[in-house]
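K.L.:
got a sequence here, can you build the structure:
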Amino acid sequence: MNQSEAASREGLQFFGRVSASVSHEIKNVFAVINEAAGLIGDLTTMAERGMPIKPERLKRASDAIQGQIRRGDAIVKNMNAFAHSTDEDVREVNLGEILQLTLALTTRLADMKQIRLIAGHCEPVSLKANPFDLMRLLHSSIAAALDSLSAGDSLVVGVEPAGHGASFSLSAPGKDAPLANDEAFSALARSMGAAVSVDEASGTSLLRLRAAGTR
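P.N.:
Sure, this is the predicted structure:
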């Protein structure tokens, strides 16, 4: 397998992991809706038998269904935006929006590790990049940072302009810098001109990214 084929396979594996995570979230939405619908069915049966039912029980079930529909709609919108990230190879990308989307797609991974994932300070910044590869780079860096943390910790991720590119910051309050190097995603980092550094004073990991076509 040559380098191009390996990169393509890694991209497909990433798309598969995200798709599997999203489908699991959608199944959870359906499970809650099914439970609430079952309760409404039970209450309806009780009413048909002449048993009094409290309106607030119906309202709670209705609110649960409506809340899950909103949640499901947000999940599908995120998945749709992720799928469309493959439409163009390189374009002008709003890094704040890309970071927010990546955080949304990574939240379940953080939840499974019982780590709170937080969007930190995000300054307006855009640059030319491949949006799919950028999300893969961010997802990989966040996943690597999560692996260094423990249940109950928090991971704060932000972005700001830096020279001809941008700098993504990853920090865990009360902990050392959560990402020491790019070992977990070094090939992708090199191909995108990205590098990891650590600000020892603040305990913050910095993932610096240059705009496509710059040196």
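K.L.:
please count neighbours and contacts with C-alpha atoms only from this point.
P.N.:
OK.
K.L.:
can you map out the strands along the chain?
P.N.:
Applying DSSP state E to the chain gives strands spanning 91-94, 116-122, 126-129, 154-162, 165-171, 194-199, 204-210.
K.L.:
possible to save the ones you listed as a markdown table with distance to Thr45, mean neighbour count and mean pLDDT?
P.N.:
Shown next, in a markdown table, are these (distance: least, C-alpha to C-alpha, whole Å; neighbours: other C-alpha atoms under 10 Å; pLDDT from 0 to 100):
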| stretch | distance to Thr45 | mean neighbour count | mean pLDDT |
| --- | --- | --- | --- |
| strand 91-94 | 52 | 15 | 93 |
| strand 116-122 | 42 | 17 | 95 |
| strand 126-129 | 57 | 20 | 92 |
| strand 154-162 | 46 | 19 | 96 |
| strand 165-171 | 53 | 23 | 95 |
| strand 194-199 | 61 | 18 | 94 |
| strand 204-210 | 58 | 23 | 93 |
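K.L.:
so which of those strands comes closest to Asp147?
P.N.:
Checking the strands of the chain against Asp147 by C-alpha to C-alpha gives strand 154-162 as the closest, at 10.9 Å.
K.L.:
list the helices and strands the closest one packs on?
P.N.:
Judged by 3 or more C-alpha pairs under 8 Å, 6 or more residues apart in numbering; DSSP states H and E, strand 154-162 is in contact with helix 95-112, strand 116-122, strand 165-171.
K.L.:
pairing partners for that strand, with directions?
P.N.:
strand 116-122 (parallel), strand 165-171 (antiparallel) (DSSP bridges).
K.L.:
returning to what we had before: need the strands of the chain in TSV (columns: distance to Leu103).
P.N.:
As requested, those are exported to TSV (distance: least, C-alpha to C-alpha, whole Å):
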stretch	distance to Leu103
strand 91-94	14
strand 116-122	7
strand 126-129	17
strand 154-162	9
strand 165-171	12
strand 194-199	19
strand 204-210	15
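K.L.:
closest one to Ser186 among those?
P.N.:
Nearest to Ser186, of all the strands of the chain, is strand 194-199, at 8.6 Å by C-alpha to C-alpha.
K.L.:
and for this structure, the residue most distant from the center?
P.N.:
Distance from the centre of the chain peaks at Gly50, with 48.7 Å (C-alpha atoms, centre = their mean).
K.L.:
where does that residue fall, phi/psi-wise?
P.N.:
phi 90, psi 10 (degrees, to the nearest 10).
K.L.:
so how far is Leu105 from it?
P.N.:
Per C-alpha to C-alpha, to the nearest Å, Gly50 is found 47 Å from Leu105.
K.L.:
ok, Val76 next?
P.N.:
Between Val76 and Leu105 the computed distance is 11 Å (C-alpha to C-alpha).
K.L.:
compare the two and say which is more crowded by neighbours.
P.N.:
Shown here are Val76 and Leu105; by other C-alpha atoms under 10 Å, Leu105 has more neighbours (21 against 16).
K.L.:
so for that one, what pLDDT did the model give?
P.N.:
pLDDT, Leu105: 96.
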